[in-house]
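Trainee: From the sequence below, what's the structure:
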Amino acid sequence: MRGRMVCLLAAVAAATGCGPDNGLNLAPVRGTVSYKGELLKNGTVMFEPDESQGTTGPTAFGVIQSNGTYVLSSESSGDGAVVGTHRVGIVGLEPTPIPTKGNPEPEKAPQDLIKAKAEVAAARPTKGQGATFTDRGGRTYRIVVPLPLGRPDSSGIKVKVDSGWNVFNIAIEEDGSAAISP
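Mentor: Down below sits the predicted model:
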């Protein structure tokens with residue numbers, strides 16, 4: 001009986017947000033990202049608190065999954081974003097890396113990975129290749145959404161995170177404009 005009570009209290013504490021007092025008022029945020037009507041399959045979403053609107057705290061990040069979904073995290077996995085107004089940045093990437101000399105392969109020995117990463121870092125995009133992003137693993141991906149969207153201060157996208165669950169489905173058009181729907 002006592003074990004059940006402890007489990008029940010732990011579940012209630014988790015559901016009500018009780019836990020370590022970090023001073024942040026976070027709310028869960030999830031959604032989807034599409035570009036020109038198609039769900040993105042790779043990339044990052046970031047919600048940066050808009051201090052000009054009185055929102056302060058850490059920037060929340062979410063990885064765009066292969067099904068177009070994201071879940072934001074500020075301090076721990078899936079904890080959400082600070083309640084308030086945010087500027088949004090989105091980096092949409094092609095789902096597979098650009099085949100280039102030196103893209104490291106996971107099955108290579110560690111010394112080969114280090115050499116491959118150095119080669120990728122030295123590589124420059126060729127003319128017509130477009131903007132690229134190189135991840136920590138040394139893989140280079142083509143950026144598929146307009147570049148200004150990658151920076152919260154230049155994207156023009158703003159959202160208001162409220163207490164409780166938040167869903168922001170972001171539909172990006174070819175011109176870089178974005179519509180937000182629940």
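
Trainee: contacts, neighbours, all on C-alpha from now
Mentor: Fine.

Trainee: residue boundaries of the helices in this structure?
Mentor: In order along the chain, the chain carries the following helices (DSSP state H): 2-16, 110-122, 152-155.

Trainee: rank those helices by pLDDT, which is bottom?
Mentor: Mean pLDDT values for the helices of the chain show the minimum at helix 2-16, a mean of 37.

Trainee: Would you map out the domains in this protein?
Mentor: 23-91+148-181, 94-142 (automatic domain parsing).

Trainee: Could you say which of these is packed most deeply?
Mentor: Of these, the one with the most neighbours on average (mean count of other CA atoms under 10 Å) is domain 23-91+148-181, at a mean of 19.

Trainee: what about that one, start to end distance?
Mentor: Across its full length, domain 23-91+148-181 reaches 29 Å end to end, with CA to CA, to the nearest Å as the criterion.

Trainee: That one: how far from the chain's middle?
Mentor: The gap between where domain 23-91+148-181 is centred and where its chain is centred comes out at 7 Å by CA atoms, centre = their mean, to the nearest Å.

Trainee: likewise stretch 75-93?
Mentor: Remark: stretch 75-93 is offset 7 Å from the chain centroid, using CA atoms, centre = their mean.

Trainee: Lowest mean pLDDT across the domains of the chain, which one is that?
Mentor: When mean pLDDT is averaged over each of the domains of the chain, domain 94-142 scores lowest at a mean of 65.

Trainee: Pull the residues that contact the longest strand anywhere in the chain.
Mentor: Identified as the longest strand of the chain according to DSSP state E is strand 84-92. For strand 84-92, the surrounding residues in contact (CA atoms under 8 Å, 6 or more residues apart in numbering) are 40-50, 53-55, 143-145, 147, 149-153, 155-162.
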